[in-house]
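*Asks:* Fold the following.
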Amino acid sequence: MFLNAYADNTQLSNNVFQSNGGTFGGAIRVGTANLGTTDATSSNHNTNVQILRNRIVANGGVNLAGAIGLFYGSDNYRISGNDICGNSSAEYGGAIGHYGRSPGGRRSPALRACYAASR
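*Replies:* Now for the predicted structure:
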């Protein structure tokens, strides 16, 4: 699932994300890393995104996140009640990768056996 930009107030709930792969997030990607050089040009404008009650299992990411990737401008995000298990990333964040400034984010997932291997 890729929420590119201006996906304010989007809710992803009650889904199964299994055996997916991606560059910046194996199952769910909110925004894009490294958009610009200033606060105004870097934000993806994805405020109040909620990721709730999903099963996120055995996904893999190449850069920055294995299961869920949150990028600059994902302000006030909420990740709650998910079963996140067995995900991996070749870089940071086997389960959840948060890259860039996104104030007010909250997460309370159950994480099991998620791996990240730094280069």
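*Asks:* Please count neighbours and contacts with C-alpha atoms only from this point.
*Replies:* Fine.
*Asks:* Quick one: the strands in the protein, in order.
*Replies:* With DSSP state E as the criterion, the chain has strands at 2-3, 11-13, 16-18, 21-22, 28-30, 50-52, 55-57, 60-61, 68-71, 78-85, 88-89, 96-99, 106-112, 115-116.
*Asks:* Now the ones you listed in CSV, please, with extra columns for distance to residue 38 and mean pLDDT.
*Replies:* Formatted as CSV, the strands of the chain follow (distance: least, Cα to Cα, whole Å; pLDDT from 0 to 100):
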stretch, distance to residue 38, mean pLDDT
strand 2-3, 21, 94
strand 11-13, 28, 97
strand 16-18, 33, 96
strand 21-22, 26, 90
strand 28-30, 19, 96
strand 50-52, 26, 96
strand 55-57, 33, 93
strand 60-61, 26, 91
strand 68-71, 14, 93
strand 78-85, 25, 90
strand 88-89, 27, 89
strand 96-99, 15, 88
strand 106-112, 24, 69
strand 115-116, 29, 61
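*Asks:* Quick one, which of the ones you listed gets closest to residue 42.
*Replies:* Across the strands of the chain, residue 42 has its closest neighbour in strand 68-71 (9.4 Å, Cα to Cα).
*Asks:* ok so, going back, arrange the strands of the chain in a markdown table, one row each, with mean neighbour count and distance to residue 41 as further columns.
*Replies:* A markdown table is the format used below for these (neighbours: other Cα atoms under 10 Å; distance: least, Cα to Cα, whole Å):
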| stretch | mean neighbour count | distance to residue 41 |
| --- | --- | --- |
| strand 2-3 | 16 | 17 |
| strand 11-13 | 15 | 25 |
| strand 16-18 | 17 | 31 |
| strand 21-22 | 20 | 24 |
| strand 28-30 | 25 | 16 |
| strand 50-52 | 21 | 23 |
| strand 55-57 | 22 | 31 |
| strand 60-61 | 30 | 25 |
| strand 68-71 | 29 | 13 |
| strand 78-85 | 19 | 23 |
| strand 88-89 | 29 | 27 |
| strand 96-99 | 22 | 15 |
| strand 106-112 | 14 | 24 |
| strand 115-116 | 20 | 29 |
